[in-house]
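1. this is a predicted model, with the sequence first.
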2 protein chains.
Amino acid sequence: MRVEQLRGGWVEAVHDVHAAVVDSAGRLVARTGDPELVTFWRSAAKPFQALPLVEDGAAEAFGLTSEELALACASHSSEPGQVARVRELLGKIGCSERDLLCGPHPPLSDRVAQDYQSRGIRLTAVYSNCSGKHAGMLALARHHGWPTEFYTRLEHPVQQRCLTEVSRWTDVSVADIRTAVDGCGVVCYGLPLRNMALAYARLGRDAGWGMRDAFDTDASRISHPASRIGEAMLRHPELIAGEGRPCTEMMRAHPGRVITKVGAEGVYCALLTQQGLGVALKVIDGHAIASALAMAAALEALGLRPRPASLAARPNVNTRGETVGELRVNGGLEQ
Amino acid sequence: MRVEQLRGGWVEAVHDVHAAVVDSAGRLVARTGDPELVTFWRSAAKPFQALPLVEDGAAEAFGLTSEELALACASHSSEPGQVARVRELLGKIGCSERDLLCGPHPPLSDRVAQDYQSRGIRLTAVYSNCSGKHAGMLALARHHGWPTEFYTRLEHPVQQRCLTEVSRWTDVSVADIRTAVDGCGVVCYGLPLRNMALAYARLGRDAGWGMRDAFDTDASRISHPASRIGEAMLRHPELIAGEGRPCTEMMRAHPGRVITKVGAEGVYCALLTQQGLGVALKVIDGHAIASALAMAAALEALGLRPRPASLAARPNVNTRGETVGELRVNGGLEQ
């Protein structure tokens, strides 16, 4: 599978895709390119960085809502409602925006970015797309009585706890996970795509969803941490990304049937709740839109039809407003 | 050769490079990847779209200056001085900004873009990085008595004239050149990298520069159109791109020894004036910064040492201002 930029019907640029589709037993059921490609999980790791909140009792202790857990898993658009919820979460745990160590950046949604710019809104840490994750990490620190300072550093117990969690879900030993600094300052994890996909498949298995609607969660499983995190994401596609952004569109198109989570530099992960399959892909050059089109195509190939129209292809519009080509997927998954 | 995005010492993203280095006889003297790759020449074709201005006598008739010819070859930064010169050129030929059919866009220089945004400057067609090329096309139309309307269309004599010129320099027949619509609305040309490189090598040959300083142009050659266009570019690196941008930096680092010209979607071309070599490269995924790093590395490998420091590698700085990796070239040219 590759994503091609066409101009006047001719290929002008190519974005190669690597992907692994895995069941919860770790069987590779589909692939393209190199499913063992090692790359950074980036923001697609967020659900697994949020799981300790539930597992360690912080979510219960602080009375975190489903919306707040969703934001801990999100790369949100900095929409006013999203930012307000993160501020509430910070208040609940006795922290403030000043405790956040994520750096500010223009909102991932162009619409929101333009709106804030035209209104002269100063972008602070709480506007970071990762502010929910950071607030969650602060909640974990508060719950355990760990310092809230320097919580982004590898040696801090919050990061060590998340690293252990990532290792457990991915079946990659802590020693074998490559670590580096993420765009927002916390630890990020380098591991094979296949293992990222495995973690998502296991999330579905542990939530008890296999082969049926994820909203009909078995009562005996409802308290499993995977179920709380998974349901939070499934129920709030509008918080996982934001209006018009691919994760939100893909999850809204098939309610309860898929969790999708974007990461920076062309990483994308998903869980097909009914099939119990995890998907992880990487556009090797890091192209973000190409990765969203590739994920929509992969999910369609795996039975999630149809793709949202906005993710079937992306028109290439020039400075005169003329459509002069398009970005679209060529090829598919192999068994 | 490939350009790698590193994070914490690990490769996170890869940008593959294809390149051809050719002498004026068409001999392939160095390469990487596929030197026969067919892609769009985009703005790297501008010198050859400007040549008819000199060849057909428009430059002489309108008294176009060296600076104005340089801007016809430029992807400028929309700096105030650059925009003012394009306006002067339009005035000389009895046209105005309203005749320009290029669409507006934020300046290619971040610094200029931020300056204009903070000052609320409305970006019109003359601010397009291609406005010099468009003004040149209008000059060609005026000179020949062709209509100035619809000059961007393939069937317009201006575009037909440029197409013939491109065919002549590249040794690709008009029938074999793929045409499409460029970002600014004019015709763009799809052809092999090797032929793009050939055109640049021939530009140096026809300017009479081989094996010596390009500023010591043989008086008998000074009137050759290639010499007028080549000298205009060599003498005004600040107009070909702008402050801080790669073309300007590479040409300033080695005055008289190199012409470099960026194109959109990862295309980059160059002429080494002393060696008489043309270079054409494509970062297959279209990554602009990667293409500039690749060109700087290729030129260094071909004897243009050292690279400007800003083009040796590009730090990857996260939202907290931490340097968390870098973009850098791996590998080189093959003979």
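-> Received it, and whenever you're ready, just let me know what you need.
2. need the residues of the stretch 1-150 of chain A near chain B, please.
-> Residues of the stretch 1-150 of chain A lying near chain B by Cβ under 8 Å from any Cβ of the partner chain: A:5, A:7-10, A:12-15, A:38-40, A:101-105, A:128. Every C-beta, even on glycine, is put in place using the N, C-alpha and C of the backbone.
3. can I get the buried part of the residues you listed as one PyMOL selection?
-> To isolate the buried ones among these in PyMOL, judged by 16 or more other Cβ atoms under 10 Å in any protein chain shown, type:
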select buried, chain A and resi 5+7+8+10+12+13+14+15+38+39+40+101+102+103+104+105+128
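4. show me the residues of the stretch 1-150 of chain A next to chain B that map onto strands.
-> Using DSSP state E, the members of the residues of the stretch 1-150 of chain A next to chain B that fall within strands are A:5, A:7, A:10, A:12-15, A:38-40.
5. which elements pack onto the helix or strand that residue A:294 is a member of?
-> Per DSSP states H and E, residue A:294 falls inside helix A:288-301. Counting contacts by 3 or more Cβ pairs under 8 Å, 6 or more residues apart in numbering or on different chains; DSSP states H and E, helix A:288-301 packs against strand A:2-7, strand A:10-23, helix A:246-253, strand A:258-263, strand A:267-272, strand A:277-283, strand A:313-317, strand A:323-330.
6. could you rerun that using 6 Å?
-> strand A:2-7, strand A:277-283, strand A:323-330 (3 or more Cβ pairs under 6 Å, 6 or more residues apart in numbering or on different chains; DSSP states H and E).
7. ok, what's across the strand from the most centrally placed residue in chain A?
-> Geometric centre of chain A, nearest residue: residue A:261, 2.6 Å, by Cα atoms, centre = their mean. Applying DSSP bridges to residue A:261 yields these beta-bridge partners: residue A:269.
8. quick one: residue A:42 and residue A:196, what's the gap?
-> To residue A:196, residue A:42 is 10 Å away according to Cβ to Cβ, to the nearest Å.
9. pick out whichever of these two has more residues nearby.
-> Using other Cβ atoms under 10 Å in any protein chain shown as the criterion, residue A:42 and residue A:196 rank with residue A:196 on top: 31 against 28.
10. secondary structure element for that one?
-> Using DSSP H and E, residue A:196 sits in helix A:193-207.
11. residue A:75 now?
-> Of the helices and strands defined by DSSP H and E, none includes residue A:75.
12. quick check: phi and psi on it?
-> Taking degrees, to the nearest 10, you get phi -110, psi 80 for the backbone angles of residue A:75.
13. pretty sure it contacts residue A:132?
-> No - checked against Cβ atoms under 6 Å, the pair residue A:75 and residue A:132 is beyond contact range at 8.9 Å.
14. the two - which one has more neighbours?
-> residue A:132 (30 against 24).
15. can I get the CA coordinates of the one helix or strand the more buried one maps to in PDB?
-> Element membership for residue A:132, per DSSP H and E: helix A:131-144. C-alpha atoms of helix A:131-144 as PDB (Å, rounded to 0.1, in the frame of the first residue of the first chain):
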ATOM      1  CA  SER A 131      -2.800  18.400  27.700                       C
ATOM      2  CA  GLY A 132      -5.200  15.700  28.600                       C
ATOM      3  CA  LYS A 133      -2.400  13.100  28.700                       C
ATOM      4  CA  HIS A 134      -0.300  15.400  30.800                       C
ATOM      5  CA  ALA A 135      -3.200  16.100  33.200                       C
ATOM      6  CA  GLY A 136      -3.600  12.300  33.400                       C
ATOM      7  CA  MET A 137       0.100  11.900  34.300                       C
ATOM      8  CA  LEU A 138      -0.200  14.600  36.900                       C
ATOM      9  CA  ALA A 139      -3.300  12.700  38.300                       C
ATOM     10  CA  LEU A 140      -1.200   9.500  38.500                       C
ATOM     11  CA  ALA A 141       1.600  11.400  40.300                       C
ATOM     12  CA  ARG A 142      -0.900  12.900  42.800                       C
ATOM     13  CA  HIS A 143      -2.600   9.600  43.400                       C
ATOM     14  CA  HIS A 144       0.700   7.800  44.200                       C
END
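16. helices or strands next to that helix in the packing?
-> If you count contacts as 3+ Cβ pairs under 6 Å, 6+ apart, helix A:131-144 packs onto helix A:46-55, helix A:58-62, helix A:66-72, helix A:80-92, helix A:157-170.
17. which of the ones you listed sits closest to residue B:71?
-> Closest approach to residue B:71 among these is made by helix A:80-92 (44.1 Å; Cβ to Cβ).
18. just give me how far that closest one sits from the chain centre.
-> Mean C-alpha position of helix A:80-92 versus that of the full chain (Cα atoms, centre = their mean, to the nearest Å) differs by 19 Å.
19. tell me the buried residues in it?
-> Residues A:82-83, A:85-86, A:89-90, A:92 are the ones in helix A:80-92 that count as buried (16+ other Cβ under 10 Å).
20. got it, and stretch A:111-122?
-> For stretch A:111-122, burial by neighbour count (16+ other Cβ under 10 Å) applies to A:112-113, A:116.
21. and which of those is nearest residue A:239?
-> Minimum distance to residue A:239 across these is 13.7 Å, recorded for residue A:112 (Cβ to Cβ).
22. ok, residue A:249 touching residue A:308?
-> Yes - using Cβ under 6 Å, residue A:249 is in contact with residue A:308, at 4.4 Å.
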